[in-house]
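*Asks:* Got a predicted model here, sequence first, then my questions.
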Amino acid sequence: MGEAVIGVIGGSGLYEMEGLEKVERIRIDTPFGEPSDEYITGVLNGVKMVFLPRHGRGHRLLPSEVNYRANIYGMKKLGVEQIISVSAVGSLKEAIEPGHIVIPDQFIDRTKGIRKDTFFGDGIVAHTGFADPVCHTLSETLYKAAQQAGATVHKGGAYICMEGPAFSTRAESFMYLGLGAAVIGMTNLTEAKLAREAEICYGIIALSTDYDCWHDSHDDVTVEAIIKIIHQNVAMAKNIIRNAVGQVTMERSCPCATAMQYAVITDRKVIPESTKQKLAPIVGKYL
Ligand SMILES: CSC[C@H]1O[C@H](OP(=O)(O)O)[C@H](O)[C@@H]1O
Ligand SMILES: Nc1ncnc2[nH]cnc12
């Protein structure tokens, strides 16, 4: 087995990673189509890592257009065992101010079924445990890394994943407050599901950029306001990643590493050979 690699998926405002040594750009074609961009591989803080901008360089892809399957498949092919997601989110709690960091540990699904969020189908059925959708070990590392970078950081909380691309209505925003969720975004749940199916640990550094549209003494969210907060905090976000990469435990004892052990229900004899081949990097060892 090759050396374990850490993957970083950069969201809105994070389209490149500075400070990488031995940089290579790798284009990967997958049976699920094309990833968002070339993968940038290199060494950060002494650790092998791979970076991918979720929406592509120049931010070309809508949250619903991102090929999450290809992105995660490519990471797996490159030997990635742990993914750090960096994302912009709206805050659903007074205490989570713009500029603060949140390490979410739950999701509420408000996507609309138009994204592909599973590698399965085409003659193979699997049901993956998703009660704890992020890796607790990785999330703890991200929390500490954020504290060390001097961020105000909130541990835990539910991330509402909406379809977008339009932001929420005010009625929806109040409904999410009522649900007790912490933050809202448009991307991370889909990614987390696929990472789990690929037995890759997934943890989130979420940068709060706005109060969505529920707060009576803050303006309603706009892209302009989001970008302003991202620009003010991008150096901090990069520092958190640098700290985290240096502290991630490479030996995995978390359940993510064996998540698919009992998940495939289909009789192995009836799984089409082409499907087995396509899924070889993902669950080949269980087929
Ligand atoms: C630029 S505003 C909305 C956009 O920002 C977030 O993206 P990401 O999660 O990739 O940082 C949000 O999910 C929306 O896609
Ligand atoms: N208010 C918001 N809603 C959805 N996604 C976001 N990303 C950043 N802020 C957001």
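*Replies:* Nice, thanks for sending it over. Ligands and ions are numbered 1, 2, ... in the order given.
*Asks:* list the contacts for Thr128?
*Replies:* Lys193, Arg196, Glu197, Ala259, Met260, Ala263 (CB atoms under 8 Å, 6 or more residues apart in numbering). Where C-beta positions appear, they are placed from N, C-alpha and C, glycine not excepted.
*Asks:* Per-residue pLDDT of the third one, please?
*Replies:* In this prediction, Glu197 carries a pLDDT score of 98.
*Asks:* which residues touch Thr187?
*Replies:* Gly11, Arg54, Pro63, Val66, Tyr68, Ser85, Ser87, Cys161.
*Asks:* shouldn't the fifth one be in contact with Ile114?
*Replies:* No: counting by CB atoms under 8 Å, Tyr68 stays clear of Ile114, with 12.0 Å between them.
*Asks:* Compare neighbour counts for the two and give me the winner.
*Replies:* Remark: of Tyr68 and Ile114, Tyr68 carries more neighbours, 25 against 9, as counted by other CB atoms under 10 Å.
*Asks:* Can you tell me the closest non-neighbouring residue to that one?
*Replies:* Of all residues beyond its chain neighbours, the one nearest Tyr68 is Thr190 (4.7 Å), with distances taken as CB to CB, 6 or more residues apart in numbering.
*Asks:* Surely the one you found is in contact with Gly113?
*Replies:* No: using CB under 8 Å as the test, Thr190 is too far from Gly113 to be in contact (11.1 Å).
*Asks:* Who has more neighbours out of these two?
*Replies:* Under the criterion of other CB under 10 Å, the comparison of Thr190 against Gly113 puts Thr190 first, with 24 against 8.
*Asks:* Can you tell me the SS state at the more buried one?
*Replies:* helix (DSSP: H, G, I helix; E, B strand; the rest coil).
*Asks:* check contacts around it.
*Replies:* Val66, Tyr68, Thr111, Arg115, Asp117, Cys161.
*Asks:* And it, what's its pLDDT?
*Replies:* For Thr190, the pLDDT comes out at 98.
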